[in-house]
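Engineer: Okay, sequence plus prediction incoming.
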Amino acid sequence: MLKRLRENRKSKKGFTLVELIVVIVIILVLAAVMVPSVTKYVAKANKANCKADAATTLTQLQVNITDNYTEGTTAYTLPNTIGNASKATDHITTASGNPTYFATLDSEGTVTKFSYQNGKYTAIWEPEAGWTGTCMD
């Protein structure tokens with residue numbers, strides 16, 4: 001009986017505790033090396049998302065201004081979903097909440113400065129400079 005137990009013990013295949021600990025340490029080292037680079041990619045994706053949202057909002061704002069601008073006057077009213085202004089020289093802002101934006105218009109209703117904030121990042125657009133702000137690299 002004792003002989004059979006010894007044979008079973010020798011014939012069993014498996015890992016020792018030391019081997020398992022070595023494998024776990026290797027996995028932890030690889031994870032420690034990968035986490036910073038993955039974090040950089042997530043931050044870069046969030047910044048790109050901010051810029052894309054800002055560009056979409058700016059485009060929609062410009063379309064609404066064009067659709068609601070009355071030729072020969074400086075008066076127009078924008079839908080509440082994109083902001084409010086009663087005349088072309090006003091600033092257009094969203095109500096409280098995220099995201100928020102602020103647009104400055106000239107006398108013809110052209111956007112001269114646009115700022116977009118999504119809670120973490122800010123994108124700023126000006127005709128001469130293009131996109132700047134904290135969500136740009």
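Structural biologist: Thanks, I have it. Numbering: from 1, shown residues only.
Engineer: Run through the helices of the protein in chain order.
Structural biologist: In the chain, the helices defined using DSSP state H lie at 2-11, 17-68.
Engineer: hey, which of these is tucked in deepest?
Structural biologist: Across these, averaging neighbours per residue (mean count of other C-beta atoms under 10 Å) puts helix 17-68 on top, at a mean of 13. For glycine as for every other residue, the C-beta is placed from the backbone atoms N, C-alpha and C.
Engineer: okay, how far is it across stretch 127-134, tip to tip?
Structural biologist: 18 Å (C-alpha to C-alpha, to the nearest Å).
Engineer: what number of residues lie near residue 115?
Structural biologist: The number of residues packed near residue 115 is 18, by other C-beta atoms under 10 Å.
Engineer: How about the contacts made by residue 121?
Structural biologist: Each residue near residue 121 by C-beta atoms under 8 Å, 6 or more residues apart in numbering is listed here: 46, 47, 50, 133, 134, 135.
Engineer: cool, and residue 126?
Structural biologist: With contacts defined as C-beta under 8 Å, 6+ apart, residue 126 is in contact with 112, 113, 114, 132.
Engineer: now do 6 Å
Structural biologist: Applying C-beta atoms under 6 Å, 6 or more residues apart in numbering, one finds that residue 126 lies in contact with residue 113.
Engineer: Fine, thanks again, bye for now.
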